[in-house]
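>>> Quick one, what's the 3D model for this:
(2 chains)
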Amino acid sequence: MKRYAYYLSCINESMTKEVDRSIDLWQKDLGIELVKMHESTCCGGSNLDYVSPKHFALVNARNIAIAEKMGLDLVVSCNTCLMTIRTAKKKLDETPALKQEVNDILKKEGLQYRGTSDVRHLLWVLIDDVGIDAIKAKVKVPLTNYRIAPFYGCHILRPSKVLGHDNPVEPSSLDQLIEALGGQSIPYEHKNRCCGFHTLLVAEEESLNVAAEALEEAIQEKADFIVTPCPLCHTVLDGYQSKALKQAGDDKKSIPVFHISEMVGLALGYSAKQLGIKRHIVT
Amino acid sequence: MTVSTDTHIEEVKKDITFRVFRFNPQVDSKSYFDDYTIKVERGITVLRSLNYIKEHLDATVSFRAFCQAGICGSCAMRVNGLSMLACTTQVWEVLEKCKEPNVIKVEPLRNLPLVKDLIVDMDPLVDKMKNYSNWVESTMPEEQMGRKEFLISEEEFLRYDKATDCILCASCVSECSILRANKDYVSPAVLLKSYRMNVDSRDSIHDLRLAELVKDHGVWDCTHCYRCQETCVKSIPIMDAIHGIREDAIECRGMKDSSGSKHAEAFMSDIEKKGKLVESTLPIRTNGMAWTMKNLLPMAMKMIVKRRTPPPPPLVKPSKGIKVFREMFREMTEHVRQDQKSHKK
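Residues are numbered from 1 along each chain as shown, chains lettered A, B, ... in the order given. This next block holds a predicted model:
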């Protein structure tokens, strides 16, 4: 059983509780154990880095230091948490003075940031550690006949100097997961585009236009559902779906949106009810 | 004799089809693509191929180009869907990204009005540069101009060294998610230039420029998709500039009365208090109660029914060990204060 320090994303503790609930159902089936980091704090959500770069470094050095104390890699299931914590790690590793300053403060809690734990997305763990063949071997209900639109979201791909797992132009990890579960991954332009989440409360009309374009293309390509590795993308594409499509003058259509954890759960034989899929706005 | 197994190295010439976007508003009612197949040698750029097509196959194909060395920024276009300079892009580099083998799709930049074929109108970008005063308005008195050197420190120069690399090719403009949604948005190129001018100590209109940048369609509308930075032909960290303007706006007196600023600051205050973001009240703290009731009430009701958000009052359990965390957070606040003091000195 391979173990990981599992970072608790704010959104998965509030609006998208189904993510962690579904992971809890199947993690042992796939030979992984995600040990929850109850002491971790909000990463700053791609905002704290400019509000206060030094607090941003402190908060995320602490998050990573907790994983280092556990002797494990830090795993997240939110794209923005991934990008944010990896950005902080890069900054700390490249700036010895900042690392020192932060570590002087972290002493208070008996913590030290060394830079030894990697920061990874759950999707990467599934593809690279569990492996396609092992996933295939565990599938009980293959997603055969489903046309699935992979929606990667931005912060698992860009900036590629910080993320560096998938090719940001032609990503493949989510497509590989879909195929491993027996589904058909459909090619469409929006698979590596933006959902508009980060400006929802600041420039709502623009954000909804961005989301509507992705939704409309997936519907036009006759996808049965969209799947995303990011709960923030899910919140826009599911929660704001009717509003976005209405703004685009297209609100008679709809398309379900799943988290990767739910898609894996369905293929491993868990029910929609167990996985919390009924909590979605579009069902 | 060694035999290479790399077919790319073995093949030094290939028949390549350039599928070129065509539209002449004076004649055409809608756009179409023309295919031109030519023999291309390894090492040849997309621009040289287009020049060959124009000279030998079809003189009516229109595109803009000048320096052929990645300096002037004229020949930005979309090659296989991505914005880049035709003069610095080798045909061999983009072959792997062809949807049909050896067929390269060439299209004009997005988010700017089309003039003809691969040529877009740069005027909207220039107009925005004017609107956001993308030049240094010198602090030096006019009578001293040309008589005295206006030196800056190396440390200051390093703050905008990368930003000065911008050649205004508009590749970032073409890839921007928000511009695609609203053409009035300031655009990444103009944000980058604005940042570069605002950190220049020789400039005298910082506050004026910043006041313009924090208005609607300005710096807070960027959705952090990083497409601009990823596509930049000069590898400029454009998001650092955008974040730099935001950091400045939060620090600057009188610039914080915007939903973007309030939204960002809510993260800081929630983390200090709870270690967690209190998402359910974020709309109210960003835009006020009236906006939230008008815009989000029907959706909030759906969310409450589906238990995606708790009914008010929202209770968020603080992170474990929050007491020590708060002490450390406040210690860092003290460090930041000290930094600001010594910076002012």
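>>> care to break chain B down by domain?
B:11-119, B:123-251, B:267-344 (automatic domain parsing).
>>> Chain A too?
A:2-122, A:132-279.
>>> Could you dump these into a markdown table with distance to chain B, mean neighbour count and mean pLDDT added?
(C-beta placed from N, C-alpha, C; glycine too.) Shown next, in a markdown table, are these (distance: least, CB to the nearest CB, whole Å; neighbours: other CB atoms under 10 Å in any protein chain shown; pLDDT from 0 to 100):
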| stretch | distance to chain B | mean neighbour count | mean pLDDT |
| --- | --- | --- | --- |
| domain A:2-122 | 4 | 21 | 97 |
| domain A:132-279 | 4 | 21 | 96 |
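>>> one step back: now tabulate the domains of chain B in a markdown table and tack on mean pLDDT, distance to chain A and mean neighbour count.
Converted to a markdown table, these look like this (pLDDT from 0 to 100; distance: least, CB to the nearest CB, whole Å; neighbours: other CB atoms under 10 Å in any protein chain shown):
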| stretch | mean pLDDT | distance to chain A | mean neighbour count |
| --- | --- | --- | --- |
| domain B:11-119 | 96 | 6 | 17 |
| domain B:123-251 | 96 | 4 | 19 |
| domain B:267-344 | 88 | 4 | 15 |
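>>> Which one of the ones you listed lies nearest to A:Gln274?
Ranking these by proximity to A:Gln274 (CB to CB) places domain B:267-344 first, at 15.6 Å.
>>> Which stretches in the chain count as strands?
In the absence of a named chain, chain A is used. A:2-7, A:32-37, A:74-76, A:119-121, A:147-150, A:184-185, A:225-228, A:257-259 (DSSP state E).
>>> meant chain B actually
So, for chain B - with DSSP E - the strands run B:13-22, B:32-41, B:76-79, B:82-85, B:103-107, B:114-116, B:119-120.
>>> In CSV: those strands, plus distance to A:Met1.
Listed next are these as CSV, based on distance: least, CB to CB, whole Å:
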stretch, distance to A:Met1
strand B:13-22, 51
strand B:32-41, 54
strand B:76-79, 47
strand B:82-85, 42
strand B:103-107, 48
strand B:114-116, 58
strand B:119-120, 56
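>>> still on that earlier bit, could the domains of chain B go into a markdown table alongside distance to A:Lys140?
Compiled in a markdown table, the domains of chain B are given as follows (distance: least, CB to CB, whole Å):
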| stretch | distance to A:Lys140 |
| --- | --- |
| domain B:11-119 | 35 |
| domain B:123-251 | 37 |
| domain B:267-344 | 28 |
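>>> for these, which one sits closest to A:Gly249?
The nearest among those, by CB to CB, is domain B:123-251 at 14.8 Å.
>>> what about the closest one, how long is it end to end?
Across domain B:123-251, the terminal residues are separated by 33 Å (CA to CA, to the nearest Å).
>>> roughly how far is it from the heart of the chain?
10 Å (CA atoms, centre = their mean, to the nearest Å).
>>> now stretch A:189-196
14 Å.
>>> Kindly report the same for stretch B:114-131.
16 Å.
>>> Residues contacting that stretch, please?
B:20-25, B:50, B:61-64, B:77, B:106-109, B:112-113, B:168, B:170, B:173, B:183, B:186-187, B:189-190, B:193, B:212 (CB atoms under 8 Å, 6 or more residues apart in numbering or on different chains).
>>> Okay, helices next: where are they in the chain?
Reading this off chain A. Secondary structure of chain A by DSSP state H: the helices cover A:10-13, A:18-26, A:48-51, A:53-70, A:79-94, A:96-106, A:122-124, A:132-138, A:173-180, A:204-220, A:231-234, A:241-247, A:260-267, A:272-275.
>>> The intended chain is chain B.
Under DSSP H, chain B gives helices at B:7-10, B:46-52, B:91-94, B:123-131, B:154-160, B:171-175, B:177-181, B:188-198, B:206-213, B:227-231, B:238-251, B:259-274, B:282-305, B:322-344.
>>> rewinding a little: out of the domains of chain A, nearest to B:Val46?
Closest to B:Val46 of these is domain A:132-279 (CB to CB; 16.2 Å).
>>> Please measure how far the first residue of the closest one sits from its last one.
29 Å.
>>> Out of the helices of chain B, which gets nearest to A:Ala211?
Comparing the helices of chain B by CB to CB, helix B:177-181 comes nearest, at 9.3 Å.
>>> what does that closest one contact?
In contact with helix B:177-181 (CB under 8 Å, 6+ apart) are residues A:193-194, A:196, A:199, A:203, A:205-207, A:209-210, A:213, B:110-111, B:173, B:185, B:187, B:221-223, B:225, B:227.
>>> To A:Asp49, which of the strands of chain B lies closest?
With CB to CB as the yardstick, what comes closest out of these is strand B:82-85 (26.1 Å).
>>> partners of the closest one in the sheet?
When pairing is defined by DSSP bridges, strand B:82-85 lines up against strand B:76-79 (antiparallel).
>>> hey, C-alpha coordinates of the partner strand in CSV?
Only the C-alpha atoms of strand B:76-79 are listed here, as CSV (Å, rounded to 0.1, in the frame of the first residue of the first chain):
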residue,chain,number,x,y,z
ALA,B,76,2.4,36.4,-35.4
MET,B,77,-0.3,33.9,-36.5
ARG,B,78,-1.9,30.7,-35.4
VAL,B,79,0.0,27.6,-36.6
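>>> Could you check how far that strand is from the centre of its chain?
16 Å.
>>> ok, and what's touching it?
Contact partners of strand B:76-79, identified using CB under 8 Å, 6+ apart, comprise B:46, B:63, B:83-86, B:89, B:94, B:104-110, B:118, B:169-171, B:174, B:233.
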